[in-house]
Structures are given as C-alpha cells and as structure tokens.
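Trainee: compute the structure for the input listed below.
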Amino acid sequence: MQAEERQKRIEEHLAKAEFASLDELSELVDASVSTVRRDLDVMDAKGGIRRTHGGARLVNPKSDEFTFSARDTHQLAEKEAIGRACAELILPNQTVIIDAGTTCYHVARYLEAKAPQVVTNSLPVANLLAGTNKLEVVVSGGVIYPRLGVLVGPLAVEGFSKIRADAAILSCGGITLDGISNSHGLLIDIQQAMLNASRKVILCVDSSKFGRQSITKLCDLDVIDVIVTDKGAPAAMVKALRKKGIEVILAAAG
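Mentor: Alright, predicted model coming up:
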C-alpha cells in the first residue's frame with residue numbers, strides 16, 4: 001500500500017473514531033508502527049490531525065457523537081437508576097476503579113457514603129469527587145481528550161497496570177452473547193488494564209447497549225462478574241447471561 005493510500009485510510013478512520021493508537025492504525029493499514037509514525041508526521045504537518053503520545057487525534061471533529069455532555073443526556077433516568085444500584089454493590093473503604101463512560105459517572109455520584117479510594121481516567125468523575133473530603137481520588141496519567149472527558153494512551157495504561165483494586169466499574173459500547181465491545185482501540189487498551197487490575201468486574205450499561213456490537217472487542221462474557229442495567233434489557237438475553245453465571249441486576253428508575 002502506497003503512503004498516499006495509507007494516509008487516506010488513516011484520515012477516514014480518524015474522521016469516524018476521532019482518535020486512535022499507533023497499534024490500531026498499524027493494523028488498519030497493514031504497515032509497521034514506524035511507517036505509521038512517518039505517515040502521521042506528514043499528516044500532522046499538513047494539518048487536520050495531531051500526533052499524540054502513542055497515537056493521533058482529529059483536530060476538528062465534525063460530530064459531537066462522542067462528546068461526554070451530549071452522551072450523558074441519553075437514557076438519563078436509566079443511568080441514574082443504574083448508578084444507585086451499582087453503588088450499593090461497593091463496600092465501605094474499598095478501592096474502586098471507575099471507567100470514563102457516562103453511566104459510570106452516575107455511579108460515582110452515589111459513592112461518597114462508602115468512602116472508597118477511587119482510581120479513574122475520567123475527568124468528569126475526578127472533578128465530581130474532588131470536592132469531597134470523604135474519599136481519595138487517584139487520577140491516571142495520559143493524554144487528555146477534552147471532548148470525551150477521558151485520559152488515554154500508554155501512560156494511562158501503565159498507571160492502571162501498577163494498581164490492584166477491589167472492583168472495576170466499566171461501561172461499553174455494546175454487549176452481545178459473543179462478548180463486550182467498545183468504540184475505540186485506545187479505550188480498549190485502558191479497559192483491559194482495568195480488568196487485569198481488579199478482583200471484581202462490574203459492567204454498568206443501559207439497555208440500549210444490548211444486542212449492539214461496537215468496532216473492537218473488549219473481552220468475553222466470562223470476565224464479567226456483575227452486569228447492572230435497567231429494566232428495558234431484553235428478557236431473553238438477561239436469561240442467557242444469568243445462565244452463564246453472570247449476576248444481572250435490573251435497576252428500577254424513579
């Protein structure tokens with residue numbers, strides 16, 4: 001594949017994903033990481049994309065599809081119910097990893113009474129909890145993507161690889177009987193580090209994620225201990241998940 005074609009594919013991918021890791025782009029264009037770095041340097045010089053530590057991002061995204069504030073308005077009542085139900089699963093003084101998904105943000109809103117130590121790559125979660133003196137907040141390193149409200153990249157992955165937590169509270173882009181998936185390779189890398197760092201994995205997803213399959217697979221279902229969702233989750237799928245030994249909690253709104 002010629003450089004011009006590689007760069008076109010990279011540009012098209014970033015137009016959809018907004019950011020991507022070097023490994024993700026290397027696989028996309030079937031070229032070495034060093035070749036992709038050179039392509040990104042050329043593209044950065046032309047404008048439109050910006051090289052970051054470990055990847056690249058779009059300079060001027062055309063859509064707010066992934067903006068934290070925009071996403072947080074979807075299924076709001078359901079997310080609040082899921083947040084309350086999930087917080088009840090956390091014991092006092094536990095160490096808890098909280099993912100950067102909007103549903104996980106609603107979990108954080110109900111954690112203060114449990115006085116946990118929270119480790120997160122979510123700027124909204126960190127800002128929410130920074131004003132309380134009842135718990136300790138540890139923020140991962142990484143590159144800031146303001147529109148997503150998330151820290152990503154190798155430094156974020158390294159941060160989570162060095163800790164051990166009682167529980168990880170994660171979200172995702174889709175859940176099927178084939179497994180859990182998400183939208184971005186950089187998010188997947190960090191979430192996998194979160195999974196490896198935790199004794200218990202709790203997936204918090206509203207019912208709209210059931211039956212969806214996002215771009216990249218995060219993990220198989222047997223990695224998940226508990227799924228907290230709302231009562232709109234399809235009954236057949238809930239039954240199948242419980243049959244696989246996963247605890248499924250249906251949170252009631254209101």
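
Trainee: tell me the buried residues in stretch 174-192?
Mentor: 174-176, 179-192 (16 or more other Cβ atoms under 10 Å). Quick note: C-beta positions are derived from backbone N, CA and C, even for glycine.

Trainee: do you have the helices of the stretch 51-200 of the chain handy? List them.
Mentor: 68-71, 76-87, 102-108, 123-129, 154-161, 185-197 (DSSP state H, counting those that start in this stretch).

Trainee: what packs against the helix or strand residue 45 falls within?
Mentor: Take DSSP states H and E as the rule and residue 45 turns out to sit in helix 33-46. Using 3 or more Cβ pairs under 8 Å, 6 or more residues apart in numbering; DSSP states H and E, the elements in contact with helix 33-46 are helix 3-17, helix 22-29, strand 49-52, strand 55-58.

Trainee: same list (the ones you listed) but as JSON lines, adding distance to residue 37.
Mentor: As requested, the helices and strands packed on helix 33-46 are arranged in JSON lines below (distance: least, Cβ to Cβ, whole Å):
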{"stretch": "helix 3-17", "distance to residue 37": "11"}
{"stretch": "helix 22-29", "distance to residue 37": "7"}
{"stretch": "strand 49-52", "distance to residue 37": "8"}
{"stretch": "strand 55-58", "distance to residue 37": "9"}
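
Trainee: if you average pLDDT over each of those, which is lowest?
Mentor: Ranked by mean pLDDT, those end with strand 55-58 at the bottom, a mean of 81.

Trainee: which residues sit in contact with residue 130?
Mentor: residue 137 (Cβ atoms under 8 Å, 6 or more residues apart in numbering).

Trainee: so for it, what's the pLDDT?
Mentor: 87.

Trainee: for residue 72, same thing?
Mentor: Residue 72 is assigned a predicted lDDT (pLDDT) of 48.

Trainee: quick one: residue 32 from residue 25, how far?
Mentor: Residue 32 sits at a distance of 11 Å from residue 25 (criterion: Cβ to Cβ, to the nearest Å).

Trainee: could you check how many residues crowd around residue 126?
Mentor: 20 (other Cβ atoms under 10 Å).

Trainee: burial of residue 80, as a residue count?
Mentor: 18.
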